[in-house]
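[1] with the sequence up front, the predicted model follows.
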2 protein chains.
Amino acid sequence: MDNFNFYSPTEFVFGKDTENQAGEMVKKYGGTKVLLHYGSGSAVKSGLLGRVKKSLDDCGITYTELGGVQPNPRDTLIYKGIEICKNEGIDFILSVGGGSCIDSSKGIAIGALYDGDFWDFYGTGKEVERALPIGTVLTIAAAGSEGSGASVVTKEEGSLKRDVGSDKLRPRFSILNPELTCTLPAYQTACGATDIMAHVFERYFTNTKEVEVTDRLCEAILMTMIKETPRVIADPNNYEARANIMWAGTVAHNDIVGVGRSQDWNSHRIEHELSALYDCAHGAGLAVIMPSWMEFVYKHDVMRFAQAAVRIWGCQMNFENPEATALEGIKRFRSFLSSIGMPINFEQLDAKEEDIPKLVEKLGLGDGRTGGFVSLTSEDIASIYTIAAHASL
Amino acid sequence: MDNFNFYSPTEFVFGKDTENQAGEMVKKYGGTKVLLHYGSGSAVKSGLLGRVKKSLDDCGITYTELGGVQPNPRDTLIYKGIEICKNEGIDFILSVGGGSCIDSSKGIAIGALYDGDFWDFYGTGKEVERALPIGTVLTIAAAGSEGSGASVVTKEEGSLKRDVGSDKLRPRFSILNPELTCTLPAYQTACGATDIMAHVFERYFTNTKEVEVTDRLCEAILMTMIKETPRVIADPNNYEARANIMWAGTVAHNDIVGVGRSQDWNSHRIEHELSALYDCAHGAGLAVIMPSWMEFVYKHDVMRFAQAAVRIWGCQMNFENPEATALEGIKRFRSFLSSIGMPINFEQLDAKEEDIPKLVEKLGLGDGRTGGFVSLTSEDIASIYTIAAHASL
């Protein structure tokens, strides 16, 4: 096992009606002047935003609103948020929405306490030294941003999607009410589930040996998703299944299932170019890319893929031909994704094979390599896009 | 799933040589005058205490030493620690040892900022409002106190063993170097492993339905322990196995595997009377009590015990007779405990059947009931002690 630091100080407030604690939680963590950041109209229409505002009012907390976060959140709105924070002396950001909204809030949190351009920190490895404290009221189980220090933002000019990670960006608190996710359309629910599973798989395929404890924790989350996702697709109001998925989504990405081992993250990196270019849902892009990535890399460690097939997907081990078991696991993953309504190839995603050279170029690897499990060249990535273009069940 | 709050703000610093970061971590969390609290001579003899002191010295942190913590830590030493803290203006407690040392530190942390008797908080449900910050350098994987808000202390007068729990008692940081556990005798290692498994089982047997995510997380930790414990018993210097156990021990008890569900804790409560009366190791007492508790309660939810048998112990489900599967799982647990050198009945623990009335009386339940899975009377508890007295493989 590799040495590691694990630090997840976020207070999670989980369950029915918990959004009514928003004001109290902001107060507990020292907020007095809040930027209330949210996304599309659904938080408004559903009445959620009204309940959150009432909760802030009840606690005597003032706030300025900034709505309009889009999926694949844009730098342009973040600049607006930063300006508000600086002009109005905002001391806390409350993010009401999904991963895009929270990631946008983290961008604002960085920029509000930084003299230069917040974009300096994205994709550069530059260390975040200060950020405004944030809290979240989560509306979609997917990105895990409610418990992580990560943020992914798209720069409109050039459609560049880049990320930053820092413990300074971990929310002080996150309010998780699974009821809020019951109104999500099936497609968005499935996209979220795919993202959650991808967060675990990126950690599962590692070159670090003998980290049984995190292997098992990864498998726990994945088996939970395999059980619960079809239940919410069939019955969107199934609270118990929604609750299991929501908590699994948080645990999948606060890194408790990834400590002590190298991780990979190439599927995310390769997917980001798809959602940046086509503005497709991140989860849908992952459904197309991740099994294709697996097919490209599995020979690097057949026994690890066989372990995944047996332990996660319940395949029978083929002791005479472990490779067959490894491939069976990947096949089951792709079938599962298709069964919950996800695209599995370029056509289903409305992506074009002729764009592959452009996707590879935008990824910006040049002659370099990327990834922790198998180190990939630009040519390898083109091969993965090509597998993804033609994938079938 | 039940509503819950989950808050685990401890920073975990895990891996080889990490004790050398002790000074730096105390500094990071604001400590300047430290009470350096430790247990038996082993931390001194092994050179660990010397390395920790050097690390404090290097960071310009002054400290006062208080050694001598015993297993089942006593109130008497805690009073001494409180006096030192108050007299010398201590602002941070650094605990170098196992669960007993950390639990003793938590008692001191409460008392140092409280005008009355720290014992007021133990076994009473009185809320802890303030406590000195503590950090730990863990030397035994067992109690999980390095990541929990719990403390268990024995009052010498009357041998009363009582507990307290509060987020205020969660360590600011915990340094976990698995190498430090390699010198532990096999018996102590096995006692620790048993305690870790018990922490998970106390959470696993619940009346809350459909909490798949924490079921799976519980199973993940238990399967890890089943794989790794025999490896360290056979080869005490196996770093990888030690590392897996050490991290499993922390995850087992910071409550990530217990959220969203009712828990039980009767096995712990029933055991505490054994270790208070006979001063036996807590883990050894649990090895005698927990399978006996399971035999007494399993009929309350045969399918849950069958699930444990199949998923954790790898039993084949007997679909015609689920009860047989449930019992097979309990049998495997007891056999496992015996195989790692644990006692499984009163004789092997040097406990006496004729003491059962005394044990029940000291538990202090009177005509009340206790427990979250099956609510037990004093008579039920006597029955469990009796099963434990006579248990065999």
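    Everything's here; your move. Numbering: from 1, shown residues only, chains lettered A, B, ... in the order given.
[2] so which bits of the stretch 151-300 of chain A are right by chain B?
    A:178, A:209-214, A:216-217, A:219-221, A:223-224, A:227-228, A:239-241, A:243-244, A:247-248, A:251, A:256, A:259-260 (Cβ under 8 Å from any Cβ of the partner chain). In this view, the C-beta of every residue, glycine as well, is placed from N, C-alpha and C.
[3] A:Lys168 looks like it's in a strand, true?
    No: according to DSSP: H, G, I helix; E, B strand; the rest coil, the state of A:Lys168 is helix, so it is not within a strand.
[4] contacting residues around it?
    Contacts for A:Lys168 were tallied using Cβ atoms under 8 Å, 6 or more residues apart in numbering or on different chains; they are A:128-131, A:149.
[5] report the helix or strand with the lowest average pLDDT across chain A.
    Sorted by mean pLDDT, DSSP states H and E, the helices and strands of chain A end with helix A:42-45, the least confident at a mean of 84.
[6] how near is A:Val211 to A:Gly260?
    Look at A:Val211 and A:Gly260: by Cβ to Cβ, to the nearest Å, they are 5 Å apart.
[7] okay, these two: which has more neighbours?
    Each of A:Val211 and A:Gly260 has its neighbours counted (other Cβ atoms under 10 Å in any protein chain shown); A:Val211 has more, 24 against 21.
[8] so the more buried one makes contact with A:Gly258?
    No: in this structure, A:Val211 is not within contact of A:Gly258 by Cβ atoms under 8 Å, at 9.5 Å.
[9] mind listing the strands for the stretch 1-150 of chain A?
    Assigned by DSSP state E, counting those that start in this stretch, the stretch 1-150 of chain A shows strands spanning A:4-14, A:33-38, A:62-66, A:92-97, A:134-138, A:150-155.
[10] what sits up against the first one?
    Around strand A:4-14, the neighbours that count as contacts under Cβ under 8 Å, 6+ apart are A:21, A:25, A:146-147, A:167, A:170-177, A:243, A:246-247, A:250, A:254-256, A:259-260, B:1, B:3-15, B:259-260.
[11] and if you look at stretch A:70-83?
    A:35, A:37, A:39-40, A:66, A:68-69, A:93, A:100-101, A:103-105, A:107-108, A:111-112, A:118-119, A:152-156, A:161, A:275-276, A:279, A:281-282.
[12] filter these down to just the buried residues.
    Restricting the contacts of stretch A:70-83 to buried positions leaves A:35, A:37, A:39-40, A:66, A:68-69, A:93, A:100-101, A:103-105, A:107-108, A:111-112, A:118-119, A:152-155, A:161, A:275-276, A:281-282, with burial counted as 16 or more other Cβ atoms under 10 Å in any protein chain shown.
[13] so of those, which ones are in helices?
    A:100-101, A:103-105, A:107-108, A:111-112, A:275-276, A:282 (DSSP state H).
[14] not counting its neighbours along the chain, what's nearest the residue nearest in space to the middle of chain A?
    Among the residues of chain A, A:Ala143 comes closest to the average C-alpha position under Cα atoms, centre = their mean, at 2.5 Å. With sequence-adjacent residues excluded and distances taken as Cβ to Cβ, 6 or more residues apart in numbering or on different chains, A:Ala143 is closest to A:Gly99, at 2.3 Å.
[15] can you tell me the SS state at the residue located most distally from the centre of chain A?
    Most distant from the centre of chain A: A:Glu320, at 37.7 Å, with distances by Cα atoms, centre = their mean. Following three-state DSSP, we place A:Glu320 in the coil state.
[16] pLDDT score for it?
    Looking at A:Glu320, its pLDDT stands at 98.
[17] tally of neighbours for A:Gly89?
    What A:Gly89 shows, counting by other Cβ under 10 Å, is a neighbour count of 9.
[18] ah, wrong one, I meant A:Arg304
    That count, for A:Arg304 with other Cβ under 10 Å as the rule, works out to 18.
[19] ok, for it, nearest residue in space, not its chain neighbours?
    In space, A:Arg304 is closest to A:Phe205, 6.5 Å off (Cβ to Cβ, 6+ apart).
[20] equivalent analysis for A:Thr229, please.
    A:Thr229 sits nearest to A:Ala193 (Cβ to Cβ, 6+ apart), 4.4 Å away.
[21] by contact count, what packs against the helix or strand the one you found falls within?
    A:Ala193 belongs to helix A:186-204 when assigned by DSSP states H and E. With contacts taken as 3 or more Cβ pairs under 8 Å, 6 or more residues apart in numbering or on different chains; DSSP states H and E, helix A:186-204 sits against helix A:212-234, helix A:239-251, helix A:266-278, helix A:282-297.
[22] circling back: check contacts around the residue nearest to A:Arg304.
    Per Cβ under 8 Å, 6+ apart, neighbours of A:Phe205: A:264, A:294, A:297, A:301, A:304-305, A:373.
[23] which residues are in contact with each of A:Val211 and A:Gly260?
    With Cβ under 8 Å, 6+ apart as the test, A:Val211 and A:Gly260 both reach A:Met1.
[24] how close does A:Ile82 get to A:Glu157?
    Taken as Cβ to Cβ, the span from A:Ile82 to A:Glu157 is 17 Å.
[25] look at these two and report which has more neighbours.
    Taking neighbours as other Cβ under 10 Å, A:Ile82 and A:Glu157 compare with A:Ile82 leading, 23 against 9.
[26] quick one: residues contacting the nearest residue to the more buried one once chain neighbours are set aside.
    Distances taken as Cβ to Cβ, 6+ apart place A:Gly111 nearest to A:Ile82, at 3.7 Å, with adjacent residues excluded. Shown in contact with A:Gly111 (Cβ under 8 Å, 6+ apart): A:78-79, A:81-82, A:85, A:117-118.
[27] hmm, back to that, closest to chain B out of the contacts of A:Phe205?
    A:Arg304 (15.9 Å; Cβ to the nearest Cβ).
[28] tell me which residues of the helix or strand hosting the closest one are tucked away?
    A:Arg304 is part of helix A:302-311 when elements are defined by DSSP H and E. Of the residues in helix A:302-311, A:302, A:304-311 count as buried by neighbour count, 16+ other Cβ under 10 Å.
[29] also stretch A:159-168?
    Here stretch A:159-168 shows A:159-166, A:168 as buried, counting by 16+ other Cβ under 10 Å.
[30] how far does that stretch stretch from start to finish?
    By Cα to Cα, to the nearest Å, the extent of stretch A:159-168 from end to end equals 26 Å.
[31] picking that back up, ok, of the strands of the stretch 1-150 of chain A, where does mean pLDDT dip lowest?
    When I compare the strands of the stretch 1-150 of chain A, strand A:150-155 is least confident, with a mean of 94.
[32] who's in contact with that strand?
    A:72-75, A:78, A:102-104, A:106-107, A:110, A:119, A:122, A:144-145, A:160-165, A:169, A:253, A:272, A:276.
[33] again, but for stretch A:318-328
    A:295, A:298-299, A:302-303, A:305-306, A:308-310, A:313, A:315-317.
[34] what is the neighbour count of the residue nearest to A:Thr229?
    That count, for A:Ala193 with other Cβ under 10 Å as the rule, works out to 29.
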